[in-house]
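1. could you look at this predicted model? Sequence included:
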Amino acid sequence: MKKLLAVSALAVSVALSSAAFAQHNMGGGYTGPAASNLKVTAAEASKLSDDTPVILTGKIEQSMGDEKYMFRDASGTIVVEIDNDNWNGLSVGPNDVVELQGEIDADMFQPNMVDIDVVVKK
C-alpha cells in the first residue's frame, strides 16, 4: 500500500510539474522590436562587412533572375538574394513596402549583397 501511495504521489507531482512547465514554455519566442542598429539603409548595407545582420525597409523593384532582386529605399539600391522558401507565401510587387531581414553576404567576386532570411510585407 505504501508503494502504491508513493507511486501515486510521484505521478501527481510529475503531472503538476509538467503542467506548470507547459504554461510557461509554449514554444514561442521573442516578439518585441529588433535591435535598432540592425535597421540600415541600402547605402549603409553596401558598406558593411560579411555576415553583419541587417534589416532593410523599402521596395523590391525587379527580379534579376536566380533568386536575386533589386531592392530600393530612399538611399539607393542594393541586390538582395531571397531563396524561394523565404517568401513564406507572400506575393510582393514593385509598389509594396517590405521589411527584409538577413545578413550581408560579401564575396570577393561580387559586391556586397544581402542574403535574406525573412520577408515581411508592410
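-> Yes, it's here. Numbering: from 1, shown residues only.

2. first-to-last residue distance for stretch 75-90?
-> End-to-end distance of stretch 75-90: 25 Å, with C-alpha to C-alpha, to the nearest Å as the criterion.

3. list the buried residues for it?
-> 78-82, 86 (16 or more other C-beta atoms under 10 Å). Any C-beta I mention is one placed from the backbone N, CA and C, and that applies to glycine too.

4. pipe these into TSV and attach secondary structure per row.
-> Formatted as TSV, the buried residues of stretch 75-90 follow (DSSP: H, G, I helix; E, B strand; the rest coil):
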residue	secondary structure
Ile78	strand
Val79	strand
Val80	strand
Glu81	strand
Ile82	strand
Asn86	helix
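
5. tell me the one among those residues nearest to Leu100.
-> Nearest to Leu100 among the buried residues of stretch 75-90: Val80, at 6.1 Å, using C-beta to C-beta.

6. looking at it, that closest one is touching Phe71, isn't it?
-> Yes. In terms of C-beta atoms under 8 Å, Val80 counts as a neighbour of Phe71; the distance is 4.6 Å.

7. name the residues contacting each of those two.
-> Residues touching both Val80 and Phe71 by C-beta atoms under 8 Å, 6 or more residues apart in numbering: 56, 60, 100, 114.

8. could you pull out the helices for this structure?
-> Counting by DSSP state H, one finds helices in the chain at the ranges 2-24, 42-45.

9. which residues does stretch 58-68 contact?
-> Contacts for stretch 58-68 (C-beta under 8 Å, 6+ apart): 42, 69-74, 77, 79-84, 92, 94-98, 113.

10. still on that earlier bit, mean pLDDT for the helices of the chain: which is lowest?
-> Note on the helices of the chain: lowest mean pLDDT is at helix 2-24, with a mean of 47.

11. Ala42: neighbouring residues, count only.
-> 22 (other C-beta atoms under 10 Å).

12. need the nearest residue in space to it, chain neighbours excluded.
-> Leaving aside its chain neighbours, Ala42 sits nearest to Ile78 (4.1 Å; criterion: C-beta to C-beta, 6 or more residues apart in numbering).
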